[in-house]
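Sequence plus the predicted model coming up.
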Amino acid sequence: MSISKELLEILACPLCKGDLKWEESLRVLICERCGVFYQVVDDIPILLPDSAKPLSELGKVPPPSEQP
């Protein structure tokens, strides 16, 4: 799945309302302002404040093929 440019234009970080960046290889949305990322599960961005994970944990996220 790829997130379209149009969708990225309307998505916002639920914490700071800032822009999100799509990282296709990891299948995550990144908020550089907050320093967090949000996973995309079954092609659905999980944009809940409690689901934000620090960028320091980005390398610990299993590849999409290994996610339950």
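Yep, that arrived.

Can you get me the start-to-end distance on stretch 45-54?
16 Å (CA to CA, to the nearest Å).

and what of stretch 27-47?
End-to-end distance (CA to CA), stretch 27-47: 13 Å.

residues in contact with residue 55?
30, 35-37 (CB atoms under 8 Å, 6 or more residues apart in numbering). All C-beta spots, glycine's among them, are computed from the backbone N, C-alpha and C.

again, but for residue 47
11, 13-14, 29, 38.

Just the ones of the residues you listed in strands?
In this view, the contacts of residue 47 that belong to strands under DSSP state E are 29, 38.

Just the buried subset of the contacts of residue 47, please.
Burial by neighbour count, 16 or more other CB atoms under 10 Å: within those this picks out 13-14, 29, 38.

shaky segments in this structure?
By pLDDT under 70, the low-scoring segments of the chain are 1, 61-68.

what's the neighbour count on residue 19?
15 (other CB atoms under 10 Å).

Just put the contacts of residue 55 in JSON lines and tack on distance to residue 45.
Putting these into JSON lines (distance: CB to CB, whole Å) gives the following:
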{"residue": "30", "distance to residue 45": "11"}
{"residue": "35", "distance to residue 45": "18"}
{"residue": "36", "distance to residue 45": "13"}
{"residue": "37", "distance to residue 45": "11"}
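
how about a markdown table for those, with neighbour count and distance to residue 49 added?
A markdown table is the format used below for those (neighbours: other CB atoms under 10 Å; distance: CB to CB, whole Å):
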| residue | neighbour count | distance to residue 49 |
| --- | --- | --- |
| 30 | 19 | 15 |
| 35 | 11 | 14 |
| 36 | 24 | 9 |
| 37 | 24 | 13 |
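
Let me know the secondary structure of residue 58.
Secondary structure state of residue 58, per DSSP: H, G, I helix; E, B strand; the rest coil, is helix.

contacting residues for the spatially most central residue of the chain?
Against the mean C-alpha coordinate of the chain, by CA atoms, centre = their mean, the closest residue is residue 29 at 2.2 Å. Contacts of residue 29 were listed using CB under 8 Å, 6+ apart, and they are 3, 11, 20-23, 37-38, 40, 45, 47.
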